[in-house]
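>>> model this:
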Amino acid sequence: MTTIMGWRVTSGEASGAVLKLDEPVSFWGGIGPDGDIIDVHHPQHGAQVTGRILVMRSGRGSSSGTYVLAELLRLGIAPAGIVLTEPDGIIATGALVAAELYDTAMPIVTVSESDYQRIEDGVGLSITMDGDDAVLDLDA
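Have a look, this model is predicted:
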């Protein structure tokens, strides 16, 4: 097992298979009501985000993505967690709103670019918190 240390953006714990995106996805217009990437221009069009650890460098898109992510969390079709290299206020706000309104926590963490490179698509990853630090355990 490989451990990567990151920084907590939102609280929570999660585990699942990594879906590492080649490009960021917008939650507004990019993720459909079944938890699939519906943006036809996205390299991973059709990939399922539900229950996965979504790994991408940054968020993309509209402030409406806050509402969409909160709704995906309410419906139980959101990613289990999100790993970024840059904090994203829109994504974080969606998770915070869902935690407040629906009592549903989804961890969002940031990691360094070099650690981002170490995370491979499809591997198992668990996220736990240790204060402001995030602990990411990768199943190699």
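
>>> any idea which strand is longest in the protein?
Identified as the longest strand of the chain according to DSSP state E is strand 2-10.

>>> who does the next helix or strand after that strand pair up with?
Using DSSP states H and E, the helix or strand that follows strand 2-10 towards the C-terminus is strand 14-20. Paired with strand 14-20 in the same sheet, following DSSP bridges, are strand 53-55 (parallel), strand 124-130 (antiparallel).

>>> state the mean pLDDT of the longest helix along the chain.
Criterion DSSP state H: the longest helix present in the chain is helix 89-102. In this model, helix 89-102 has an average pLDDT of 94.

>>> contact partners of that helix?
Residues outside helix 89-102 that contact it (CB atoms under 8 Å, 6 or more residues apart in numbering) are 9-12, 27, 59, 61-63, 65-70, 73-74, 78, 82, 84, 104-106, 108. Just so you know, the C-beta spots here come from the backbone N, C-alpha and C atoms, and that holds for glycine as well.

>>> tell me the most buried of the strands paired with strand 14-20?
Greatest average neighbour count among the strands paired with strand 14-20 goes to strand 53-55 (a mean of 25), per mean count of other CB atoms under 10 Å.

>>> who touches that one?
So strand 53-55 is contacted by 14-21, 79-83, 116, 119, 121, 125, 127 (CB under 8 Å, 6+ apart).

>>> after it comes which helix or strand?
Downstream of strand 53-55 (by DSSP H and E), the next one is helix 65-75.

>>> which strands and helices sit next to that next one?
helix 27-30, helix 89-102 (3 or more CB pairs under 8 Å, 6 or more residues apart in numbering; DSSP states H and E).

>>> report the buried residues of it.
65-73 (16 or more other CB atoms under 10 Å).

>>> and if you look at stretch 130-139?
134-136, 138.

>>> can you check stretch 105-118 too?
Here stretch 105-118 shows 105-111, 115-116 as buried, counting by 16+ other CB under 10 Å.

>>> end-to-end on it?
Distance across stretch 105-118, first residue to last, is 25 Å (CA to CA, to the nearest Å).

>>> got TSV for the buried residues of stretch 130-139, with pLDDT too?
As requested, the buried residues of stretch 130-139 are exported to TSV (pLDDT from 0 to 100):
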residue	pLDDT
Ala134	97
Val135	97
Leu136	98
Leu138	96
